[in-house]
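Participant: A structural model of the following input is requested.
(one chain, ligands or ions: 1)
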Amino acid sequence: MFSLTVRRHFMIAHSLPREAFGPAQGLHGATFVAEVTFRRRALNEDAIVLDIGAAGSMIEEVLAGLNYRNLDDHPDFAGKLSTTEALAQYIAGAVADRLREDTDGRELAGLDVTLRENPDAWASYALEFDRD
Ligand SMILES: Nc1nc2c(c(=O)[nH]1)N=C([C@H](O)[C@H](O)COP(=O)(O)OP(=O)(O)OP(=O)(O)O)CN2
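Facilitator: Predicted coordinates:
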């Protein structure tokens, strides 16, 4: 299995209104580093998993919908907790949607999104693609 990872960052504000989150129940900001790993069983005819530039553009498109937003007001997170884990799942789903629109992208085996909150804490979500 081959993999390619491309990294970008984005900034958000949000609150996590559950007792478990202590001071983070209040509105606070976060700068996340998003690492998206694309997995592929066999390289394409250009001997790559995916073009790095194309992968970066795809990630930027997805993150543009989150960057500088207060996620408490974002319709996709209405009634949901925008935890690092939930954000990783959301980004993975949105990147997967874009890959499905691309003939070569449909050949991928899956992807992983790792979101780093800070150098000591991160969360990941893995998606395996069904092949019919
Ligand atoms: N599993 C997760 N735990 C926490 C998340 C998360 O997304 N997933 N998020 C937060 C807060 O948003 C923030 O990032 C950190 O809050 P904070 O209370 O400052 O940090 P800690 O929980 O590490 O420290 P405490 O000692 O509990 O205050 C929190 N947790």
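
Participant: all contacts plus neighbour counts: C-alpha atoms, from now on.
Facilitator: Fine.

Participant: what about the residue nearest the centre of the chain, is that helix, strand or coil?
Facilitator: The centroid of the chain falls nearest to Ile91 when counting by Cα atoms, centre = their mean (3.1 Å). The three-state label given to Ile91 by DSSP: H, G, I helix; E, B strand; the rest coil is helix.

Participant: let me see the contact set for it.
Facilitator: By Cα atoms under 8 Å, 6 or more residues apart in numbering, Ile91 lies in contact with Val62, Leu63, Val113.

Participant: for the ligand, see how far away it is.
Facilitator: 14 Å (Cα to the nearest ligand atom, to the nearest Å).

Participant: the strand or helix carrying Val36 near the ligand anywhere?
Facilitator: In this structure, Val36 is located in strand 28-40 according to DSSP states H and E. No - shown here: strand 28-40 not in contact with the ligand (Cα under 6 Å from any ligand atom), separated by at least 6.8 Å.

Participant: what residues of that strand count as buried?
Facilitator: Neighbour counts over strand 28-40 (16 or more other Cα atoms under 10 Å) mark Thr31, Phe32, Val33, Ala34, Glu35, Val36, Thr37, Phe38, Arg39, Arg40 as buried.

Participant: before we move on, the earlier item: can I get the contacts of Ile91 in JSON lines with distance to the ligand, neighbour count and pLDDT?
Facilitator: Listed next are the contacts of Ile91 as JSON lines, based on distance: Cα to the nearest ligand atom, whole Å; neighbours: other Cα atoms under 10 Å; pLDDT from 0 to 100:
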{"residue": "Val62", "distance to the ligand": "19", "neighbour count": "17", "pLDDT": "97"}
{"residue": "Leu63", "distance to the ligand": "17", "neighbour count": "19", "pLDDT": "98"}
{"residue": "Val113", "distance to the ligand": "14", "neighbour count": "27", "pLDDT": "98"}
